[in-house]
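> Sequence unavailable; structure follows:
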């Protein structure tokens, strides 16, 4: 993908990949605001779930990155052009993991908001593609991140639906 990319789109792809830092931070700030300033217990529990899901995903991806220590593709293959930054080990892709966990969280929190879900999933898929096209990840790095994020989001969703909501006597809405 890197060798067949359209160089005139590099600036757009770099912009898109850089949005991964802003979107989760804004989402976290919004969720923290909900915890401190809203009285709706359902919303608070869902905010706690989202924060824990994102945190667990970040921890697992970071631990795996350094435990596996896979080199970036541009280091192993001289034909791959590094177009953007990528300094830590390659597997799994942190950008992709962040984008997909945000998409999973939003899908779980707003199951009926199809327009919002479509936009966030297109964004997440674009992030995954840009990491490969910009030469900083292998396809397996991206796919690994998607799988890890999916498993963490589903596991914590089940935990909250089955255990945590019963502890605080709240009927959990999303399924």
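Structure received. These figures come from a predicted structure and were not determined experimentally.
> Tell me how far residue 23 lies from residue 72.
23 Å (Cβ to Cβ, to the nearest Å). Glycine gets a C-beta too; all of them are placed from N, C-alpha and C.
> Ignore what I typed, I meant residue 62.
Taken as Cβ to Cβ, the span from residue 62 to residue 72 is 16 Å.
> Neighbour count: those two, which is higher?
For residue 62 versus residue 72, neighbours defined as other Cβ atoms under 10 Å are more numerous around residue 72 (20 against 15).
> My understanding was that the more buried one contacts residue 137; is that so?
Yes: between residue 72 and residue 137 a contact is recorded at 7.5 Å, counting by Cβ atoms under 8 Å.
> joint contacts of those two?
Common neighbours of residue 72 and residue 137, using Cβ atoms under 8 Å, 6 or more residues apart in numbering, are 86, 90.
> Tell me which residues of stretch 25-33 come out buried.
Going by neighbour count (16 or more other Cβ atoms under 10 Å), the buried part of stretch 25-33 is 27, 28, 31.
> Stretch 66-73 now?
Using 16+ other Cβ under 10 Å as the test for burial, stretch 66-73 gives 70, 72, 73.
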